[in-house]
Structure formats: C-alpha cells, structure tokens
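[1] sharing a sequence plus its predicted fold:
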2 protein chains.
Amino acid sequence: MKKVGVAILGLGVVGGGAYKILTEQRDFYRTTQGVDIEVVSVLERDPERIRSLGVRSETVASNVFEVVSNPDVNIVVECIGGVTEAKGYVLDALNAGKTVVTSNKELVCKCSHELERAAKRTNAGIYFEASCVGGVPIIRTLLDGVQSNRISSIQGIINGTTNYILTRMGDGMSYEDALDEARKLGYAEADPSADVEGFDAAYKLSILSSLAFHTKVPFSKVFREGISGISKEDVEYGSRLGYTLKLLAIGKDTDRGIEARVHPAFVKNSHPLASVNGGLNAVCLTGNAVGDLMLSGKGAGALPTGSAIVSDVIFAATHEGNRYSAFKNTAKADSDVKFVTDYESAYYLRLTLADRAGALSKLTALLAKNNISIVDLVQRPDGADSATVVLVTHTTHEMSVKSAVARINTAGIAKVGSVIRVLS
Amino acid sequence: MKKVGVAILGLGVVGGGAYKILTEQRDFYRTTQGVDIEVVSVLERDPERIRSLGVRSETVASNVFEVVSNPDVNIVVECIGGVTEAKGYVLDALNAGKTVVTSNKELVCKCSHELERAAKRTNAGIYFEASCVGGVPIIRTLLDGVQSNRISSIQGIINGTTNYILTRMGDGMSYEDALDEARKLGYAEADPSADVEGFDAAYKLSILSSLAFHTKVPFSKVFREGISGISKEDVEYGSRLGYTLKLLAIGKDTDRGIEARVHPAFVKNSHPLASVNGGLNAVCLTGNAVGDLMLSGKGAGALPTGSAIVSDVIFAATHEGNRYSAFKNTAKADSDVKFVTDYESAYYLRLTLADRAGALSKLTALLAKNNISIVDLVQRPDGADSATVVLVTHTTHEMSVKSAVARINTAGIAKVGSVIRVLS
C-alpha cells in the first residue's frame, strides 16, 4: 500500500482538528482510499497543545527546516494563519517539492501567484479547500464539479461570526450584546475586526471568484463594508418589510467586467439564503449549463475545517498529475481584467423627514430625478414634528443612490439615517 | 496542448445537451483547462437528431465497433439509457481501454461490479456523475469533497418528476391532474412508472449509498414505494399539521446495518428539504467531521445533466492515475453487509373511526400496547356516525406500526385509510 507522510504546521483549532481526524481515521483511509496516511511531523511551540493531542515527542520538529528536509514528509499542512510566518514556511515546503494543503485564506488570497509559481517549479501540489467556507467543498465543486460551466455569479454567506451576530440581532439583540454572546461562544475573537469588518469574507470571495471566473480577483478589487455600523432598528424595519439582514459576499462576471463585494444586505425571506442562520454558511452559484446550485454547511470549527483539510490531503495522496493546478490559470494577464465599481443593486433607505406637507413629495421627486424608483415605502410619525421613512428601491446604480443621498442631505429634504443594499 | 477525443453514444436529451456544451465551449476549455476536447464520433440512428445538432456527417459512426476501435476516441460518453444495449457498448468501450462517462443510473446501479472489473483490467476510467441528481455534483462531493468523513446518512429529493407532482398536489391538485400537467411540461414520460413508482430514485439511492458507505448497496436491498397511491386528502391533512409531502430517498449506515429506502414522507415545513420544490433536487448528508451538508440544484434536463457529463469528461481528461477508482471499493465483500428492514421512523396515520364513546380510547390503547406514542392527533366528524382521525407518532419501528395497523383493522376498532412515513 502506498504510504504518504504528512507534516502539520500549527496545532491550533484547525490544525488540531486535522491531526485528530488523520490519526483517528488512519485505518479507515487505508480501507476506503487504499493509502496509508501518517502524520510524521508537527511544528508547534505550545507544549500544552502537543500534550492534549497526545502527539508522540519524536514527531515534534524543532523548526521548519527539519520538516521540509524530512524525506518521509510528502504533504505539508499549514494551519498557522496570517502571512508573516506562514508564507515563508509554505514557500520552503513548495521549494522542497512538498505538496502543501493550507487553511490560510489571507495567504492564498494575497500570495496565490507566488505560491503557484513555486508549486509549478517543483511540480508540487497546492490545495486550499479549508481556506473557504469550512467543511463545504465549494473549491472542489468549482474545480472539478461544475468546471464545464461559465460561472456568471457566486454569492453567499461565507463568514460564520457575522452570520451568528446578525441572526441574534434578528432575534432582537443589539449589535454589542450579540457580539458579546458570539465571543463567549467562541464564534468571535477578542479583536473581532477581521470578521465584523468583512476582511475574512473578502479574502474568501477573492479566492472563490478568482476560481469561478478564471482570472485573479485581487483583494484590492473587493469592495468591503462590515456589519459594525448596523443598528438593531434597521434589522427590525427590514424584518417588517419581509427581509433578513445578512453579510453577503457577491461575485459577478458581467459584460461590463467583474464585480466583487462584501457588505451587509437585506435578503427577501423567501430566498434560500435568508434561512441560513447562525454558524451555518452557504454559497449559491449560477452556471450557464448547471443553472443555480447551492451548497450549505458548517462554515467553521475544528472538525468541519479539518474535514476540508483531510479531504485535500487524501485527494493529493490519491491523484497524480497536474498537481499544482488548483489555481487553474488564475494567473493570466490580470491587467486586462476590468472591474466594475458602479454595480447595480436595490437599496433600503431609512430617513428622518420633517413632518410637514410636501416633504415626502420633495423626497420622491428627487429620487425619481435620479432614476431611482421605489418598490416599498413606509412612513410613520417619529415624535412631534418628524417622521421616519423607510423605503426599498428597484434595482439601480450604486452611484445614483450615492449622489441622491448626498443631495437629500445637503438640500435639507431629509436626514438619511442608513443605506443598506438589498439583494435583487 | 493535450488533445482528447470524445465519442457520444445516443444524442437524446442528455447526449444532445452534452454534445452542445462540448462543441460550443471547446475554446473555453482550451483556455481554462489547458486541454483540447473534441467530439470525434457519435452513434445515433435518428437522422433528425443529427441534423438538428449540426453534427458533421464524417463524425457519425455506423456501429459501436467503429467507435471503440477508433484510435482518436479517448473517452466514450454513453447516454443511451437502460441496460439491454448500453451495457454491451460500455463493456466494449472499457475492454478497448476507453474511459467511459455515463448518465445511465440503471446500468451503474445494476452492473457496477462488472463495469469496475472491466475498467480495472484495462486501466480505463469510469465516471457517472450524470447518473444521479442532474447537475448537482454529489458524486464528486462524496468521492473527493468529503471523503475524509465517515458518512452516517444521506437523504434527499432525487427525482424531479415526483417532486413536481407532489409540489402541485401541495397547491391543491389531484394526483392525476398533476401527473397530466407534468407530462405536458415534459417532466413526466408517457409511461411514468419509472419515476412515480420510485425506480429512478431507487437506482440513484443504490449508487449514492454505495459510494457514501463504501460497500455495494444493491438495488434489491432498496425498499421502494412510489407516489401513485397518494391522495390529495393526505397532502392536505399533512399540510394542516405543518408538513410537506416529498418522495424521499434515505440511506443510513447504522450500528444495526445499512438501510436504504425510497418512499413518500412528510417533512416538517421548517426542514430545509420542505422548501425544495418543483423540478429542484437536493441531497443532505451527515459526516462525522463535516456535520450536515446540503447540496441543491436542478435534478434533470439537457443542460444540467450535460454539465455533469462534461465535468466528468474534463476531469477524466485532466487527471491521471487511479482512473477506475470512481467506485472506490464498493466491490468489497458484499455478503458480509447487513441490511436493516425494520427501520425506525415516525408515522402519519389517517383512520376512519366509528363516532361513538370509547372508540378513540380503544385506538390509543392499542397503539400504546404496540409502543407507539402519539405526537399530534386531530379528530373531526366525517358524517353521521363516523369521524376521521389523523395522527402523527413519535419515532417507532416500522414493524410495530405494521402490526398495529393490521390489529386495528381486524379488530374493527377503525379503518386505516393511509400510513405515510414522517421524516424524524
């Protein structure tokens, strides 16, 4: 039976999960996959992690050189995260001809060209299913399940922390309370900005849309807006109009160019994404032949993400040829690619209006002048002399809405309290 | 650039779809997959099909021998369907060392051992994503996306015709009217029995559970009950209790053995499968690491199924090694495998009860004696001297329900009008 040696760099939540799965299921993989996969080396400084996982001391390497020069290591699993240290380690492994499996979305997003070049040079493999949407095999699907399609759109809920917070806000909690609860449950980190400001989702969207559209979609081209500015009030108003608020990642390949954006958006309750709650993630894609396809499952956690890592390890261990092809020509002439910034969307606006005759008429006239037509409008008195108006527009251009909002504020017609995109 | 020649056997709906995609997207695949895939041979007797697809006459083979002896053919796509003719053709292709891609669920279900042996002998590949759930890449997912998991359950809606009919019955139509409409829309065939009696779903479940549980689950071990006996009345009663009726395919790997069954079942409206309507299909699976994962998309049609075929063709054209491994050791000692027939489920019963004191008490006493406890019960007068009772049980054993029902009828306590399983 073919033997494959694995090294794991970093035994945190994800690396520890992968270690557990690989060691516990070794016999299962011998039987079902016909390959004997053994963890022969780990790199981890924390003795407590090593102890609690029961790693044998002779398996623990003292530095990365020891790992990549070990002839028994065929596959290096990188679960350190970030770019600083991990990038050098991954390049060392690829340069030594070791296949790399990584869960590191920031590294894959920011350095894919460099990693691909190194992998090509030594004919090593590079796999990164675990970098996106936890256990949901969206990368395998894009590469080997729907690769016969021209994909025009990929959109989804790809960050569990923000989805948990928004789900709780939908239950009536404030942003601060929901974030606190998410922290206590381990969904959010002490510094939650990578999640709540949309960085995590933007890294993933960069990777997924690069694969879907066969051209590099750099992080710098991904529009990003987080959820920290969302008020409970807007979640409630949206809910009354039949919408659920989600942090969406949207990638589109249009006639005008590619658009990639991460931002909060209201989703109609009848849309399948509206019922993807809590820590669940989901991705919808549209292909010219397959039509609409949706995948949903756990977007994070030791075992779901470990599932993705180990599935990549098995794939690498059981498939030969084209080993570095995971990036499938995303490295082609990036400079030729056009990116759309004035994208189309529907919008939710909340405004405070002077409660006097003609105020609403001025507002609607100004919107009409900017080619913005209204689907839904609710007005209710606020207090003595003002009213809150909540409205949802038909699909229009981002720039039209921005200029209309500026005009509404400066002309003193109303005070725009919030502008939130609506999935159309 | 690597050149790959494809032959297509049968240019019906699915074969025609595959032909269209392969010819229209040839340049796209050259760019994105680095391989030049050309349809070099087709086998089709109907000149109208050949004409309408614009197949060049020199591509049309006059018999299968011409196809499999053609040195330019690397991959044979079989879209004839059925076992009679297709089996011989597929074996001819495999014996000639050609990789086979097939959409033929009956053939794969009934003859996988033979096909696998032939493929192994010549190191040809055998791929059959298109045999199950149209464009949804469930087989790629099982083989290469969650193969790190021990899968304990796979269940879903995997037949579009019956799902369309049941969706329309949910709108208030009778079975006959819904079937008529499905026929007119091309969802159902003139003889609909393969779909409505559950054969189609049973072939697919046999294939999917064989892959999920790493052992052959033969067609003969799949319990099968169709939807032709379903009354509008039961769909309505279920709806009032908060359930939607679906034809479910359920495979489980339990401590007691493997169970595989296709039958109508009520699904709670809050369950994700309840909102999979019309021609849509969906599969949920549960793995020890990934947890619950759901895939949904179009389950049939020329282009979705063509998407699956062409994705398999590209996979075969771009991956070397382990080529016949699609069956991944489903051929191991079948005789050792235990199959469960007395499976556990919840049940919906509709009964006609004599409308007199003590009748309901006798009924509930008998159920209790058979260890069947009740979740929900509704009684309403039927006419002069009888009442309809509809009840839903807790999870219990199939055999307990069968013996209770027999006892209820023979003892004259009530007349059992219908017994429908409930997804628990």
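    Nice, thanks for sending it over. Residues are numbered from 1 along each chain as shown, chains lettered A, B, ... in the order given.
[2] wasn't A:Phe65 part of a helix?
    Yes - A:Phe65 forms part of a helix when assessed by DSSP: H, G, I helix; E, B strand; the rest coil.
[3] what is the neighbour count of it?
    12 (other Cβ atoms under 10 Å in any protein chain shown). Bear in mind the C-beta positions are built from the backbone N, C-alpha and C, glycine included.
[4] cool, and A:Ala411?
    Using other Cβ under 10 Å, the number of residues around A:Ala411 comes to 11.
[5] now for it: which residues touch it?
    A:Ala411 sits next to A:Leu366 when contact means Cβ atoms under 8 Å, 6 or more residues apart in numbering or on different chains.
[6] return the backbone torsion pair for it.
    phi -80, psi 0 (degrees, to the nearest 10).
[7] again with A:Cys109
    According to degrees, to the nearest 10, A:Cys109 has phi -60, psi -50.
[8] might one say that it is in contact with A:Phe219?
    Yes - under the criterion of Cβ atoms under 8 Å, A:Cys109 makes contact with A:Phe219 at 5.3 Å.
[9] who's more crowded, the two?
    A:Cys109 (26 against 17).
[10] list the contacts of that one.
    A:131, A:202-204, A:206-207, A:219.
[11] quick one: which of these is nearest to A:Gly301?
    A:Ser131 (14.6 Å; Cβ to Cβ).
[12] mind checking how far the closest one is from A:Leu9?
    According to Cβ to Cβ, to the nearest Å, A:Ser131 and A:Leu9 sit 15 Å apart.
[13] ok, for A:Asp46, nearest residue in space, not its chain neighbours?
    Leaving aside its sequence neighbours, A:Asp46 sits nearest to A:Leu11 (Cβ to Cβ, 6 or more residues apart in numbering or on different chains; 7.4 Å).
[14] the one you found - how many residues pack around it?
    The burial count for A:Leu11: 26, using other Cβ under 10 Å.
[15] for it, which three-state class applies?
    Relying on three-state DSSP, one would call A:Leu11 coil.
[16] surely it meets A:Ile50?
    Yes - in this structure, A:Leu11 is within contact of A:Ile50 by Cβ under 8 Å, at 6.8 Å.
[17] for A:Tyr343, what are its contacts?
    Shown in contact with A:Tyr343 (Cβ under 8 Å, 6+ apart): A:252, A:259, A:261, A:397-398.
[18] nearest to B:Val83, of those residues?
    A:Lys252 (43.9 Å).
[19] residues touching that closest one, list them.
    Counting by Cβ under 8 Å, 6+ apart, A:Lys252 has contacts A:152-153, A:258-260, A:340, A:343.
[20] one more: A:Asp36?
    So A:Asp36 contacts A:1-4, A:26, A:29-30 (Cβ under 8 Å, 6+ apart).
[21] distance of the residue of chain A most remote from its centre relative to chain B?
    Ranking residues of chain A by C-alpha distance from their mean position (Cα atoms, centre = their mean) puts A:Ala357 at the top, at 46.5 Å. Counting by Cβ to the nearest Cβ, to the nearest Å, the separation of A:Ala357 from chain B is 46 Å.
[22] part of a helix, is that residue?
    No - assigned with three-state DSSP, A:Ala357 falls outside any helix and is coil.
[23] part of a helix, is A:Glu233?
    Yes - assessed by three-state DSSP, A:Glu233 belongs to a helix.
[24] and which of the contacts of A:Tyr343 is nearest B:Ile157?
    A:Lys252 (28.9 Å).
[25] so which strand or helix has that closest one?
    Applying DSSP states H and E as the criterion places A:Lys252 in strand A:243-254.
[26] strand partners of that strand, parallel vs antiparallel please.
    Using DSSP bridges, the strands paired with strand A:243-254 are strand A:151-157 (antiparallel), strand A:257-268 (antiparallel).
[27] list the buried residues for that strand?
    If you call a residue buried by 16 or more other Cβ atoms under 10 Å in any protein chain shown, then strand A:243-254 has these buried ones: A:243-253.
[28] again, but for stretch A:273-287
    A:273-287.
[29] doesn't A:Leu353 make contact with A:Val416?
    No - in this structure A:Val416 lies outside contact range of A:Leu353 using Cβ under 8 Å: 10.2 Å.
[30] just give the closest residue to A:Val55, not the sequence neighbours.
    According to Cβ to Cβ, 6+ apart, the nearest residue to A:Val55 is A:Val42 (5.7 Å).
[31] number of residues surrounding the one you found?
    A:Val42 has 24 neighbouring residues, counting by other Cβ under 10 Å.
[32] one step back: can you list the strands paired with strand A:243-254 in TSV and add mean neighbour count and mean pLDDT?
    As requested, the strands paired with strand A:243-254 are exported to TSV (neighbours: other Cβ atoms under 10 Å in any protein chain shown; pLDDT from 0 to 100):
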stretch	mean neighbour count	mean pLDDT
strand A:151-157	23	98
strand A:257-268	23	97
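[33] which element is the spatially most central residue of chain A on?
    In chain A, the centroid-proximal residue (Cα atoms, centre = their mean) is A:Ala201; its distance is 3.2 Å. In this assignment (DSSP H and E), A:Ala201 forms part of helix A:199-213.
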